[in-house]
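Undergrad: coordinates only, sequence not included:
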């Protein structure tokens, strides 16, 4: 008899991020400069365009007010592989942050 184990995780799960904002696993991978994980999440169909959100407790830390998408963050960190993968998977290259800047 064989036993099959299935491991499932939610690739677009929102969790606590910096300053009590909410962020996806992709935001976290980009912030940690983990290109392999970021590219895996993108290829797996995670949410690639959402900026960080207001915290679970209703706070709106400054980091949430920037409206930066994962593509903005990857560009800022110089993560070329992540940027390429995001573009290949149709990330919104025209998405503006709070200052009207595109990635």
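TA: It's in. On a predicted model such as this, the values are computed, not experimentally measured, just so you know.
Undergrad: residue 51 and residue 68: what is the separation?
TA: 6 Å (Cβ to Cβ, to the nearest Å). C-beta here means a position set from N, CA and C on the backbone, and glycine is covered the same way.
Undergrad: for the protein, just list every one of the helices.
TA: Using DSSP state H, the helices of the chain run over 25-31, 35-43, 62-65, 70-77, 80-88.
Undergrad: if you compare those helices, which one is most tucked away?
TA: Mean neighbour count (mean count of other Cβ atoms under 10 Å) peaks for helix 25-31 among the helices of the chain, with a mean of 23.
Undergrad: gap between that helix and the chain center?
TA: 5 Å (Cα atoms, centre = their mean, to the nearest Å).
Undergrad: stretch 77-88 now?
TA: 12 Å.
Undergrad: residues in contact with that stretch: which ones?
TA: 30-31, 33, 35, 38-39, 42-43, 48, 70-71, 74-75, 93, 103 (Cβ atoms under 8 Å, 6 or more residues apart in numbering).
Undergrad: swap in stretch 62-75?
TA: Contacts of stretch 62-75 (Cβ under 8 Å, 6+ apart): 17-19, 21-22, 24, 26-27, 30-31, 38, 48-55, 76, 82-83, 86-87, 91-93, 95-99, 101, 103.
Undergrad: ok, of these, which come out buried?
TA: 17, 21-22, 24, 26-27, 30-31, 38, 48, 50-52, 55, 82-83, 86-87, 91, 95, 103 (16 or more other Cβ atoms under 10 Å).
Undergrad: so which of the contacts of stretch 62-75 sit within strands?
TA: 22, 24 (DSSP state E).
Undergrad: circling back: for residue 13, find the nearest of the helices of the chain.
TA: helix 25-31 (6.2 Å; Cβ to Cβ).
Undergrad: which helices and strands sit right next to the closest one?
TA: helix 35-43, helix 70-77 (3 or more Cβ pairs under 8 Å, 6 or more residues apart in numbering; DSSP states H and E).
Undergrad: quick one: distance of the shortest one to the chain centre.
TA: Just to be clear, that refers to helix 70-77. That offset, for helix 70-77, works out to 9 Å (Cα atoms, centre = their mean).
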